[in-house]
Every structure is written in structure tokens, then in C-alpha cells.
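**Student:** When you get a sec, could you give me coordinates for this:
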Amino acid sequence: MTRQSPDNTEPASLPAFCRVTDTINRRICQWVSVATLAMVLITFAVVVLRYGFNVGWIALQESVMYLHSAVFMLAAAYTLRSDGHVRVDVFYRRLSPVSQAKVNLLGTLVLMLPTCSVIFLYSLPYVTASWRLMESSIEAGGLPLVFVLKTLLPVTAAMLMLQGLADIVRYTLMIKRAH
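**Tutor:** The predicted model follows:
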């Protein structure tokens with residue numbers, strides 16, 4: 001019998017790199033769930049202020065956009081780990097778990113890691129220029145944090161690459177155990 005990890009989804013023998021990556025992404029996703037609640041509450045406040053009191057704050061409206069971006073970009077790696085991304089699995093769902101691991105391994109190596117690497121490398125000059133300018137909103141009264149928002153691009157790519165590497169280890173171990 002294989003000993004399970006504390007969350008009962010993986011063998012405790014899984015390399016520390018995989019467990020640490022999974023834990024970091026899970027904790028980030030817990031923070032993101034709080035950001036989701038904040039986004040809903042702020043959106044409610046914007047609507048009440050706008051239509052109930054005819055008052056509007058650009059910064060408050062932009063904060064919803066910032067939170068929305070953070071929710072999707074920071075939760076991407078955890079969503080990858082929990083296999084929550086949408087897929088068209090007409091054939092995939094009929095495969096055995098080992099065959100699914102082979103498909104996932106190939107997809108991670110051939111598609112995800114190269115794509116994330118390109119996003120990471122191409123976004124760095126863009127983000128660096130934004131930080132140099134301490135770029136802020138073009139709207140009067142907007143948030144002065146555009147440079148922070150743009151930083152999510154390479155951060156998301158890096159988080160996805162780390163999770164992809166952890167998944168490569170996981171898939172490889174699953175394939176080796178089956179043979």
C-alpha cells in the first residue's frame with residue numbers, strides 16, 4: 001500500500017519539489033479566493049454608488065479589473081495542478097490513467113512549457129519598461145499600479161512552468177510505476 005501525502009491525493013514518496021510547488025500554488029489559490037470575494041463586494045459597491053448615489057470612482061472600478069486579472073492569472077497554475085482547465089476530451093477520457101499521463105506529459109513538454117517560456121521571455125522587457133516608468137493608469141483618478149498589474153504576466157508564466165515541471169515529474173513517475 002502506498003502512503004499518501006497529507007492531502008490524500010499523492011504518494012508521500014513524491015519529490016519535495018512537487019509537493020512544495022503544489023503547496024505554494026494551493027496557498028496562492030486560497031488568497032485568490034479571498035480576492036474573488038473582494039472583487040464581488042467592490043463590484044457591488046461600484047453599482048450601488050453609481051446607480052444609487054450617482055457617484056463613481058475610477059480607482060474603485062479599476063480595482064475590480066486588477067482583482068479580476070489577479071484571480072485568473074494567479075490561479076492558473078493551481079487550476080493546471082487540479083486538472084481544472086477546459087479540455088475537449090473526446091478521446092482522452094477513454095484512455096487509461098497511464099495513457100492520460102503520457103498525453104499530459106507530451107502536451108506539457110511540447111506545448112505548455114515552450115508557450116510559457118515565450119510569454120515569460122517576451123513579457124520581461126515589457127514589464128521592465130513599465131517598472132522603469134512606474135506606469136500608472138491613463139485615467140484621471142485611476143490606480144497608479146499598472147506596473148504591478150503587468151508583472152502578473154511573467155509571474156503567471158513562471159508559476160505555470162514550475163507547476164508544469166512538477167507535473168512532468170508526477171507523470172513520469174506514474175508511467176514508470178505502470179511498467
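**Student:** Hmm, residue 76 and residue 156 touching each other?
**Tutor:** Yes: if you go by CB atoms under 8 Å, residue 156 and residue 76 touch, sitting 5.7 Å apart. For every residue, glycine as well, the C-beta is placed using N, CA and C.
**Student:** count of neighbours near residue 39?
**Tutor:** By other CB atoms under 10 Å, the residues close to residue 39 number 19.
**Student:** Just the pLDDT at it, thanks.
**Tutor:** We have a pLDDT of 95 for residue 39.
**Student:** Output the contacting helices and strands for the strand or helix carrying residue 19.
**Tutor:** In the assignment (DSSP states H and E), residue 19 maps to helix 16-47. Helix 16-47 sits against helix 58-74, helix 76-81, helix 146-178, with contacts defined as 3 or more CB pairs under 8 Å, 6 or more residues apart in numbering; DSSP states H and E.
**Student:** Need the pLDDT of residue 99.
**Tutor:** 93.
**Student:** I meant residue 1, not that one.
**Tutor:** 33.
**Student:** Likewise for residue 47?
**Tutor:** According to the model, residue 47 scores 95 on pLDDT.
**Student:** roughly how far apart are it and residue 56?
**Tutor:** 10 Å (CB to CB, to the nearest Å).
**Student:** hang on, residue 143 in a strand?
**Tutor:** No: with DSSP: H, G, I helix; E, B strand; the rest coil as the criterion, residue 143 is assigned coil and is not in a strand.
**Student:** check contacts around it.
**Tutor:** 59, 62-63, 66, 136-137 (CB atoms under 8 Å, 6 or more residues apart in numbering).
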